[in-house]
Structures are given as structure tokens and as C-alpha cells.
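> What follows is a predicted structure for the sequence shown.
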Amino acid sequence: MDEGIFQAYEKEIQALEEEIRLLTEQYEDMRQESTFFSDEEILKAMKSLQGETEGETKEHESLSDLKAQLESLERDLSFLMEFTGIHFTSHSKKTVEKTPNKTVRKHRLAGRCHSLPFQLEFQLLEMQKDEKVSAVVSDLSIIMDSREDSNVSKFVSRSLSTYAEWHEHRRHTFLHFKAKYPDIVTLPEGLLGDFIILRSPKVPGFELMIVWKIHLDEEGTTTPVLDLLPKVPEQVLEQRMRRVESIPGSFRSALRLFGIEATLENLIHVLGSGQ
């Protein structure tokens, strides 16, 4: 063997032996240090172990609660399926967009309503702000097998589309007036509720509840139904009995003449002026 190669191997072996020696010394130092703990360190370790045990117990209790809730939801779902005749047979979802604070998924459900098959598609937007998570459903559509009955498919699609348009129009209208008149307009049930309350800034206790229902008749025709319910303090009621009694009728007449948005706008202006 060449003398140069032999020396190179010998140096490499020596370097490995030195590395093994250093590692052995470090291991021995660590082993000796690990066998000695202060009373404070022992107490801290015991508390940590106790906390982990309690955490595991709470986790088991939490899992038991979740299981009980899941069983309750399954019973409720089973009852609703039997009551309505709607049974879902499959579900699929596809992630369309995903960011740290927002997730958009497209869902597709297949099922039967009694003997009629159908498919339900919608998009679910999940938003996370701080520790709160909100979800919004959009692009909802029902698909029915045209081979079964094309009239039923048209009826469902048309009625659902019109209803959804009015529902979205109501939500946007509530949002608009709440943002424009935050001191007068309140939404006790949020944007998805079917009423808003107008509070007079001039007359304490004077309120007007605007109820906005969306009516769907047997023929599938969707129409908005609005009404006004006043809440008047006794002293105001005694002074202006006739004017208060005429408010709901005047509101309905204004709706026919000016439409929903203009009527609400004028009503808020009158309420804000204290007339």
C-alpha cells in the first residue's frame, strides 16, 4: 500500500478516535448532572406531571361531552329526515381558496326528497378574525333530474332563485341603513333577521319596528311583505294618539308610491328630526 494513503487513513482514524473520546466525555458529564436535582426542580416536575394528568382527564371529559352532543345531533337529524322526507346520500367538497384567515369551499350534496332525487350545491366562506369564526353560504342552487319531472326542476330553481335574490336585497338594505344611520338603526337579530328597529334620538322610548318578511305562495311566487309596528311612550301616545295610529297605514301607502328604500330613508329622516 502506498505510504501516503496509509498515513491519510491513520490520520482519519485518529480524528475519529478523538471525536469518540470527546463525545464520551460529554455523555458522562450529562449523565452525572442529570442524576442530581434540587428540591425546587423536583417540585416543579411533580406539578408539571400533575397538570398533564389533569389535562388528560379534562380532555377525556371533553371528548365524552362531544360524543354526547354528536349523538344528540344525529338523533335530531334522523328526526328531521323522517319528518321532511329528505335524505342525504352523499357529500363532497372542494377547496377553492385558502388563506390564513379565509377558506372558500364548494360543497355538493346528493339526496332524495321522498322519491325525487336532487343535488344541492353551495359555496361556504369561512372567515377567522381573532378567535372567532364566521361562515357565509353563497351560490346556492338545487339541481333535479330532468328525466323525473322538468316542471318540478323549473319550479324549484325559479322559486329558490327569486327567494334568494329578495333575501340578499333585504340584507344589503339593512346593512346600508345600519352603516348610514348607526345612532338610529339597530339590528337585534343581525343582518339575517327579518326586522330592524328605528329609535328616535329626540324622543326617548319611541321606536318603530320595520318587519320585512319574504312570502312564498303555493305557486312559487315570491313577494316581499313589509309592515310597521310602533312602540310609543305613554306621554307621547296621549298627546299624539291620532298621528301614532296613522303611522302604519301611511307607511304602507308610502311603500306603494316610493318603494322600500325611499320609504325607509324618509322615515328615518322624520324620526331623526323628532317630528
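Okay, I see it. This structure is a prediction, so every number in the text was calculated from the model and none was measured.

> Surely residue 201 is in a helix?
No: Residue 201 is assigned coil when assessed by DSSP: H, G, I helix; E, B strand; the rest coil, not a helix.

> Can you give me every residue that contacts it?
Residues near residue 201 by C-beta atoms under 8 Å, 6 or more residues apart in numbering: 183, 184, 271, 272, 274. All C-beta atoms are positioned from the backbone trio N, CA, C, and that covers glycine.

> Can you say which of the residues you listed are buried?
Neighbour counting over those (16 or more other C-beta atoms under 10 Å) leaves 184, 271 as the buried ones.

> In the contacts of residue 201, which has the lowest confidence score?
Among the contacts of residue 201, residue 274 has the lowest pLDDT, at 58.

> Output the helix or strand containing residue 89 as PDB - backbone C-alpha positions only.
Using DSSP states H and E, the element containing residue 89 is strand 86-98. Output of strand 86-98 as PDB, limited to C-alpha atoms (Å, rounded to 0.1, in the frame of the first residue of the first chain):
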ATOM      1  CA  ILE A  86     -85.400  14.500   2.800                       C
ATOM      2  CA  HIS A  87     -82.500  12.000   3.000                       C
ATOM      3  CA  PHE A  88     -78.900  12.900   2.000                       C
ATOM      4  CA  THR A  89     -76.900  10.100   0.400                       C
ATOM      5  CA  SER A  90     -73.500  11.600  -0.400                       C
ATOM      6  CA  HIS A  91     -71.400  14.700   0.200                       C
ATOM      7  CA  SER A  92     -68.300  16.100  -1.400                       C
ATOM      8  CA  LYS A  93     -66.400  19.300  -1.000                       C
ATOM      9  CA  LYS A  94     -63.600  21.100  -2.900                       C
ATOM     10  CA  THR A  95     -61.400  23.800  -1.500                       C
ATOM     11  CA  VAL A  96     -61.500  26.800  -3.900                       C
ATOM     12  CA  GLU A  97     -59.400  29.200  -2.000                       C
ATOM     13  CA  LYS A  98     -57.400  29.000   1.200                       C
END
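
> Contacts for that strand next, please.
Contacts of strand 86-98 (C-beta under 8 Å, 6+ apart): 80-81, 103-113, 123.

> still on that earlier bit, could you export the contacts of residue 201 as CSV, including secondary structure and distance to residue 175?
Output for the contacts of residue 201, formatted as CSV (DSSP: H, G, I helix; E, B strand; the rest coil; distance: C-beta to C-beta, whole Å):
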residue, secondary structure, distance to residue 175
183, coil, 16
184, coil, 15
271, helix, 19
272, helix, 19
274, coil, 26
